[in-house]
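A.B. asks: sequence and predicted structure are below.
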Amino acid sequence: MICIERFAEYFVPNPRVTLPERDAFGVLHGSAYTPTHGPAQSKTAMAGNEYDMKSGGSTVFHSLLENALDFRLMLSPFVIEIRPHYPMTLEPKVLKRLSRGERLLKTDVPTIDRVITLQRRDNLQLHLHAVSVKPAELLTDTSVIDRHKREEAYAASRGASWETVGRGWQKEYTTRNLATIRSWCLSSDTASLYAEAVEFAWRLKRGKPVGSSDQRVSRVARAMSITLIEAYRLFGVAVASGLVMVDDRYYLHPARQLHLRRLEDEDVQP
């Protein structure tokens, strides 16, 4: 079963592909895509936008859980783009109104929280993966169960996979660490900085694992003749490219010891 936890089994790390104008559902790709429901349509007190460093577009989150997931996806080497609040028009009433040529309100179009674009390992074709972001306590609600059945059926109608994501993937410091890494490479273009990130990751892992994050990154910065800020930007791109993995059992901070994990997928090593 395809899910975020198993992306390494099914998809190409750091894919270099040109996205078509529209996907199999007829929805725009990349920076041309506009989320169906922006922050102003949020029913919660937590909403906003984040720059998507993969596509150059914008993600919209309506909860802290969605925001945390976006950080994770932006910093995943397998994700090509994230399209939030993706329009779903499987509802019979919507199809009927469309057939009559009637104009639809945004509230008439149900959405899926996230649709992720990836590239398959087996045939190198683009693959869409839909995600419903829901806290565990809502998964037994009858209306949520019915909605999820519609979402999964809609995804399957065009060969897309689907899953529900809650808080289970977050370790003690996961979200805080992801937000910190994200702040180091806010508007960076992952593809254009990849070659430099490869060198950064090689030097960081080759050096002695002693000292604080600032001390270790400073040594790499001096070796590459770049500033500390530029080095931290490459750190973020290296994480997003799968070249470096931070150990989420520890709090990531410039003044603290840096803890890295072994890479689980050999294909994403520099």
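C.D. replies: Yes, it's here.
A.B. asks: low-confidence stretches in the stretch 101-250 of the chain?
C.D. replies: In the predicted model, the stretch 101-250 of the chain carries pLDDT under 70 at residues 101-108.
A.B. asks: which residue ranges of the stretch 151-270 of the chain form strands?
C.D. replies: In chain order, the stretch 151-270 of the chain shows strands spanning 161-165, 245-246, 260-261, with DSSP state E, counting those that start in this stretch as the criterion.
A.B. asks: residue ranges of each domain in the chain, please.
C.D. replies: According to automatic domain parsing, the chain comprises the domains 4-165, 174-268.
A.B. asks: need the strands for the stretch 1-150 of the chain, in chain order.
C.D. replies: Chain-ordered strands for the stretch 1-150 of the chain, with DSSP E, counting those that start in this stretch as the definition, fall at 48-51, 58-61, 81-87, 111-119, 126-133.
A.B. asks: now the residue of the chain most remote from its centre: how far from Lys93?
C.D. replies: With distances taken from the mean C-alpha point of the chain and given as CA atoms, centre = their mean, the most distant residue is Arg100, at 37.1 Å. Arg100 sits 11 Å away from Lys93, going by CB to CB, to the nearest Å. C-beta coordinates here come from the backbone N, C-alpha and C atoms, glycine included.
A.B. asks: just Glu21 next, same as before
C.D. replies: Relative to Lys93, Glu21 is positioned 28 Å away (CB to CB).
A.B. asks: now Tyr251
C.D. replies: For Tyr251, the distance to Lys93 equals 49 Å [CB to CB].
A.B. asks: the two - which one has more neighbours?
C.D. replies: The residue with the greater number of neighbours, taking Tyr251 and Lys93 and applying other CB atoms under 10 Å, is Tyr251; the counts read 13 against 8.
A.B. asks: so for the residue farthest from the centre of the chain, what pLDDT did the model give?
C.D. replies: With respect to pLDDT, Arg100 has a value of 77.
A.B. asks: and Thr44, by the same measure?
C.D. replies: Per-residue confidence at Thr44 stands at 63 (pLDDT).
A.B. asks: got it, and the one 3 residues further on?
C.D. replies: Confidence per residue is given as pLDDT, and for Ala47 that number is 71.
A.B. asks: surely it touches His62?
C.D. replies: Yes - using CB atoms under 8 Å as the test, Ala47 is close enough to His62 to be in contact (5.0 Å).
A.B. asks: so what's the closest residue to Tyr250 other than its chain neighbours up against?
C.D. replies: Counting by CB to CB, 6 or more residues apart in numbering, His259 is the residue found nearest to Tyr250 once chain neighbours are left out, at 4.2 Å. Residues touching His259, when contacts are defined by CB atoms under 8 Å, 6 or more residues apart in numbering, comprise 246-247, 249-250, 252.
A.B. asks: residue closest to the middle of this structure?
C.D. replies: Leu73 (1.7 Å).
A.B. asks: do I have it right that it meets Val115?
C.D. replies: No - no contact is recorded between Leu73 and Val115 when judged using CB under 8 Å, the distance being 10.9 Å.
A.B. asks: shared neighbours of those two, which are they?
C.D. replies: Joint contacts of Leu73 and Val115 (CB under 8 Å, 6+ apart) are Ile82.
A.B. asks: the protein: helices as residue ranges?
C.D. replies: Secondary structure of the chain (DSSP state H): helices at 7-10, 64-74, 92-99, 142-156, 174-184, 194-206, 213-224, 228-240.
A.B. asks: helices or strands up against the last one?
C.D. replies: I take that to be helix 228-240. With contacts defined as 3 or more CB pairs under 8 Å, 6 or more residues apart in numbering; DSSP states H and E, the secondary structure elements packing on helix 228-240 are helix 174-184, helix 194-206, helix 213-224.
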